[in-house]
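Asks: Everything below, folded, please.
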Amino acid sequence: MTVTAKPLVFGGHAIARRLGKRGLPDWSVAETWECSDVEGNLSVVTNGPLAGRTLHQVLSDHTEALMGAGFSGARFPLLTKFIDATGTLPVHLHADDEAARRLEGQPNGKTEAWHVLDAAPGATALCGVRRGVTADRLRAALEAQDFDAVLRRLPVRAGETLYVPGGTLHSFGPDTLVYEIEQTSDIQQHAMRWNMTDGSPVSEEEHRSRLDMLMRQADLESRPDFTPGLSIAVGDGVERVFLCAGPYFALERRRAGTAEPLRLAFTTAQILSNVGAPVRVRTRTASEELGRAETLLLPAACGEAEIAGPADVLIGYLPDLDRDVRAPLLAAGYPPPLLRRFVASSA
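Replies: Residues are numbered from 1 along each chain as shown. Model (predicted):
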């Protein structure tokens, strides 16, 4: 599909230079939207009989073939991005589902997850409000831009993943490269005195208005932590790592050497993003080359796919949590209490 490049102020050139993604403009790029059904930023199919159609059109015209049986959503449910935080992202949050409907007039909020692809030594992220911080103290600190006084600062390491529920205040960077998966939405409220698009100053009146809305959406109890994921050996030199899972999405990282290929079996659409060397993806009826930092959407109708190694790919999808996540992890010997902590709740 087509990719949308976003020239936000915190970006740089890491997606092209460190990930090896081709076709990007020469200017600083903060994000590439790899798979998007967000209005105004729709991915467009670039090959095959559906070339030229937007992802939204494909979903509307071929719902079951794309998503599998039982899906009834109006939009493709997942948005994926590569994010280059050469600079530091603004401190911000995204509404949860309830706040999005009540305050933003949107059908859903935006829970997201970050999988860290690269990070400089000593890199950190802000995520969640410190224990004991009241709403009044948080508001005062945000007005003063004194974020460390009220927010948790966490160490960031390549290979780890953070599941960020809607309503959680957060930021990361500098010198951090991330793959992000999230609900399909572009709503946010941020706490900065400058605009994310160009760095221009925000008026005092607008800043206070933004903080008013942010405080109405902020979850003071959300304090997620990074996790290395849960790994399963599924073949000779083939590894399946569950990076995160919840009601809105699951994200896995699959790696293979040359002894056996990666073999995928699925009943819903799979977003396949390559974070390693170029690979060839084969289904029963098609074969596609997937270059470095490129993304391919595999419809449910494919059912299965095979990727010859060496391979290192990320796979995002809308899960049946019992079938797709809990069952294989339980079969691999992971105890139920650990899975209860790992799988995010819909509450």
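
Asks: End to end on stretch 157-164, go ahead and measure it.
Replies: 16 Å (Cα to Cα, to the nearest Å).

Asks: List the buried residues in it.
Replies: Neighbour counts using 16 or more other Cβ atoms under 10 Å place Glu160, Thr161, Leu162, Tyr163, Val164 of stretch 157-164 among the buried residues. (C-beta placed from N, C-alpha, C; glycine too.)

Asks: Next: stretch 37-56.
Replies: Using 16+ other Cβ under 10 Å as the test for burial, stretch 37-56 gives Asp37, Val38, Leu42, Ser43, Val44, Val45, Leu50, Arg53, Thr54, Leu55, His56.

Asks: now, which of the residues you listed lie within strands?
Replies: Asp37, Val38, Leu42 (DSSP state E).

Asks: now for the buried residues of stretch 37-56, which pair is the farthest apart?
Replies: Using Cβ to Cβ, the buried residues of stretch 37-56 span at most 19.3 Å, a distance reached by Val38 and Leu50.

Asks: May I see the buried residues of stretch 157-164 arranged in a markdown table, with pLDDT as well?
Replies: Shown next, in a markdown table, are the buried residues of stretch 157-164 (pLDDT from 0 to 100):
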| residue | pLDDT |
| --- | --- |
| Glu160 | 98 |
| Thr161 | 98 |
| Leu162 | 98 |
| Tyr163 | 98 |
| Val164 | 98 |
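
Asks: Out of the residues you listed, which comes closest to Ser273?
Replies: Nearest to Ser273 out of the buried residues of stretch 157-164 is Thr161 (Cβ to Cβ; 13.9 Å).

Asks: Going along the chain, name the strands of the stretch 1-150 of the chain.
Replies: Remark: strands assigned in the stretch 1-150 of the chain by DSSP state E, counting those that start in this stretch are 4-6, 31-35, 37-38, 41-42, 78-85, 92-93, 112-119, 124-129.

Asks: Tell me if His207 really is in a helix.
Replies: Yes. Under DSSP: H, G, I helix; E, B strand; the rest coil, His207 sits within a helix.

Asks: Could you list which residues are in contact with the residue lying closest to it once chain neighbours are set aside?
Replies: The shortest distance from His207 to any non-neighbouring residue, by Cβ to Cβ, 6 or more residues apart in numbering, is to Arg193 (5.6 Å). Taking Cβ atoms under 8 Å, 6 or more residues apart in numbering as the criterion, Arg193 is in contact with Gln145, Pro201, Val202, His207.

Asks: Of all pairs in those, which one is the farthest apart?
Replies: Farthest pair in the contacts of Arg193 (Cβ to Cβ) is Gln145 and Pro201. Separation: 12.7 Å.

Asks: Could I get the pLDDT score of Ser345?
Replies: Ser345 carries a pLDDT value of 72.

Asks: I'd assumed Pro224 was in contact with it.
Replies: No. With contacts counted by Cβ atoms under 8 Å, Ser345 stays clear of Pro224, the gap being 11.8 Å.

Asks: Show me which of those two is the more surrounded one.
Replies: Ranked by neighbour count (other Cβ atoms under 10 Å), Ser345 and Pro224 place Pro224 first, with 18 against 8.

Asks: and that one, which of the three is it?
Replies: From three-state DSSP, the assignment for Pro224 is coil.

Asks: isn't it right next to Pro165, touching?
Replies: Yes. Using Cβ under 8 Å, Pro224 makes contact with Pro165 at a distance of 6.8 Å.

Asks: ok, Pro336 - contacts?
Replies: For Pro336, the contact set (Cβ under 8 Å, 6+ apart) comprises Leu330.

Asks: Which pLDDT value belongs to it?
Replies: Pro336 is given a pLDDT of 96.

Asks: do Gly48 as well
Replies: 88.

Asks: roughly how far is stretch 72-91 from the heart of the chain?
Replies: Centroid separation for stretch 72-91 versus its chain: 5 Å, with Cα atoms, centre = their mean, to the nearest Å.

Asks: mean confidence score for that stretch?
Replies: Mean pLDDT, computed over stretch 72-91, is 97.

Asks: got a list of what Pro25 touches?
Replies: Pro25 makes contact with Ala5, Pro7, according to Cβ under 8 Å, 6+ apart.

Asks: er, Phe71 I mean
Replies: The contact partners of Phe71, taken as Cβ under 8 Å, 6+ apart, are Thr63, Glu64, Thr268, Leu318.

Asks: Can you name the residues bridging to Arg280?
Replies: Glu289 (DSSP bridges).

Asks: Test my guess that it contacts Ala308.
Replies: Yes. With contact defined as Cβ under 8 Å, Arg280 counts as touching Ala308 (6.0 Å).

Asks: Tell me the spacing between Leu59 and Glu143.
Replies: Applying Cβ to Cβ, to the nearest Å, the value for Leu59 to Glu143 is 42 Å.

Asks: Between the two, tell me which one has more neighbours.
Replies: Counting neighbours by other Cβ under 10 Å for Leu59 and for Glu143 shows that Leu59 has the greater number, 21 against 14.

Asks: Can you tell me the closest non-neighbouring residue to Ala245?
Replies: Once flanking residues are discounted, Ala245 sits nearest to Val325: 4.4 Å by Cβ to Cβ, 6+ apart.
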